[in-house]
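**Q** attaching a predicted model along with its sequence, questions to come.
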Amino acid sequence: MTDWTEGYVADIGYTFGYYTELNPLRIRLAFANAGLVFPEIGTACELGFGQGMSTNIHAAASVVQWSGTDFNPSQAAFAQELAAASGSGARLFDDAFADFCTRSDLPDFDFISLHGIWSWISDENRAVIVDFIRRKLKVGGVLYISYNTLPGWASFAPMRHLMSQHAAVMGADGMGIAKRIDAAIGFADKLLGTNPLYVRANPAVVERLKGVGKHNRQYLAHEYFNTVWDPMYFADMAKWLAPAKVGYACSAHLHDHVDSINLTADQQAFLQNIPDAMLRQTVRDFMVNQQFRRDYWVKGARKLSAIDQAEAIRALRLMLVVPRADVSLKVNGSLGEAKMSEEIYVPLLDALSQHQALTVGELEQLLAPHRIGFGKLNQAVLVLAGAGHVALVQDVETIARARPASERLNRHLLQRSRGSADVSCLASPVTGAGVAVHEFHQLFLLCMLQGQDQPAQWAIFAWNLLALQGQRLVKQGKALETAEQNLAELTEQAHTFATKQLPILKALQVI
């Protein structure tokens, strides 16, 4: 590991994940429900963009001008490749934070985002970022930041420390981070087998370690094995950000806005009696044993009147972005699994089932015969959006302006899917966001772009590529051995895709 990494894992690439919280359009739903004025986002920045999937998708699928940096040159190179392919104009660098944050060629930003960065960098870099936010975030601008949180990490933090120490001390030179991770997990598992007092005091650690072992090694390397790993209390985050003149706005995790699935009636009443908003957030973290926060902060919060808030919510345009039949009437919150009311969600989902954009106000009128009031409708929208079933929709002009760049990016990603399955989403100019697309479905879409419109043709195309690379499909836990079996399975999947997922991807203008 070389000095430029500053203790951050760099010998294994970050995952190719997409994070919807970084979509500027999403701010509108969260802010409207928090009763806050939301800004128009014209310029945005991501610090530590990883492989650059979120930045590039949001740049290509909207008219927002994005900038960003990630100090890992191989990741920055991939991100720049995507930006060049889309022609979005995103300006992406491989600068260290200290270098990027002092560049003289950056605009002021309406939105600055950091996902999965804060807890894994030094105090020196945190100070650089806070100063950057102070100088470059516009008045009224929004900061998105996610970080590991106490008290949720309190019981497992010692185990994380032990595994990190084992990887650093016991790992052989040239062993590679993935093998060091496997060895560290194995060591920790053997330790727990001795029934130490630590486990007796923290029995949940055993199951949590089992869960850790199931994760992708790329994810684990960056989550658990950096030199710096510093979860913190919400109040401490507020102190860090105070010099940047930003205040807490609301959670970017939409389900956090729905108290009924996260807090008991007694807990809600207890929180309402705490006058200080910052202390209230800290206490809430104890109630839900918060492990990871995803928050919006704003430079100059402005409250909406009750009338303006209702109008802002009613003006939001929505679309159902998954098959209607795939929406389970269950939702998970801090209190566990909750069942959605059929009286509310069935007519709402039916109204959205054609995958056309409707405003909340239009939905309110459509659902009036079902006596679903504005408050219940608004909460249902939050639940569905938080689950990824519903997404906000951009205006018609923005969709038209964004479509060329999103088409170019999607074509590039689909070409890449011939030999790699690490990218699992494409860009939608309708939502300004990423859309999950299965690896085989990407191959079907690529075949469609080449002029083939029959599912049987898509299956043959996909199978030829998979066979060339020695891959086989797995069905019911067993690998399909013969070409006939694989082709039959792909053909069945292609027919399902044609009737189920493809109409939605067309509505989202992904294809």
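**A** Cool, got the structure.
**Q** from here on, just use CA atoms for contacts and neighbour counts.
**A** OK.
**Q** ok, the residue nearest to M448 when sequence neighbours are not counted - how many residues close by?
**A** Leaving out its chain neighbours, the residue that sits closest to M448 by Cα to Cα, 6 or more residues apart in numbering is W458, at 7.3 Å. By other Cα atoms under 10 Å, 24 other residues sit near W458.
**Q** list the contacts of whichever helix or strand T398 is part of.
**A** Per DSSP states H and E: T398 is located in helix 396-416. Contact with helix 396-416 is made by 57, 60-63, 82-83, 85-88, 423, 426-430, 432, 442-443, 445-446, 509-511, as judged by Cα atoms under 8 Å, 6 or more residues apart in numbering.
**Q** so for that helix, mean pLDDT?
**A** The average pLDDT within helix 396-416 is 97.
**Q** tell me if E337 really is in a strand.
**A** Yes. Looking at E337 with DSSP: H, G, I helix; E, B strand; the rest coil, it is inside a strand.
**Q** in stretch 35-49, what's buried?
**A** 35-39, 41, 43-49 (16 or more other Cα atoms under 10 Å).
**Q** so how far is it from its chain's centroid?
**A** Its chain's C-alpha centre lies 15 Å from the corresponding centre of stretch 35-49 when counted by Cα atoms, centre = their mean, to the nearest Å.
**Q** that older thread, between the buried residues of stretch 35-49, which is closest to L348?
**A** Nearest to L348 among the buried residues of stretch 35-49, counting by Cα to Cα, is G35 at 23.5 Å.
**Q** end-to-end on stretch 298-305?
**A** 18 Å (Cα to Cα, to the nearest Å).
**Q** still on that earlier bit, need the contact list for the residue nearest to M448.
**A** Each residue near W458 by Cα under 8 Å, 6+ apart is listed here: 443-445, 447-448, 452, 491, 494.
**Q** report the secondary structure state of it.
**A** helix.
**Q** for the stretch 1-150 of the chain, which segments count as helices?
**A** 26-34, 53-60, 73-86, 97-100, 123-136 (DSSP state H, counting those that start in this stretch).
**Q** list the contacts of the residue lying closest to S88 once chain neighbours are set aside.
**A** Of all residues not flanking S88 in the chain, A60 sits nearest, at 5.1 Å (Cα to Cα, 6+ apart). By Cα under 8 Å, 6+ apart, the contact list for A60 reads 83, 86-88, 402-403, 405-406, 409, 427, 429.
**Q** correct me if wrong: D70 contacts G48.
**A** Yes. Counting by Cα atoms under 8 Å, G48 is a contact partner of D70 at 4.5 Å.
**Q** and stretch 449-467, what's buried?
**A** Going by neighbour count (16+ other Cα under 10 Å), the buried part of stretch 449-467 is 455-463, 466.
**Q** still on that earlier bit, out of the contacts of A60, which two sit at the greatest distance?
**A** Spatial extent of the contacts of A60 (Cα to Cα) is set by the pair A83 and P429 at 15.5 Å.
**Q** between those two, which has more neighbouring residues?
**A** P429 (31 against 25).
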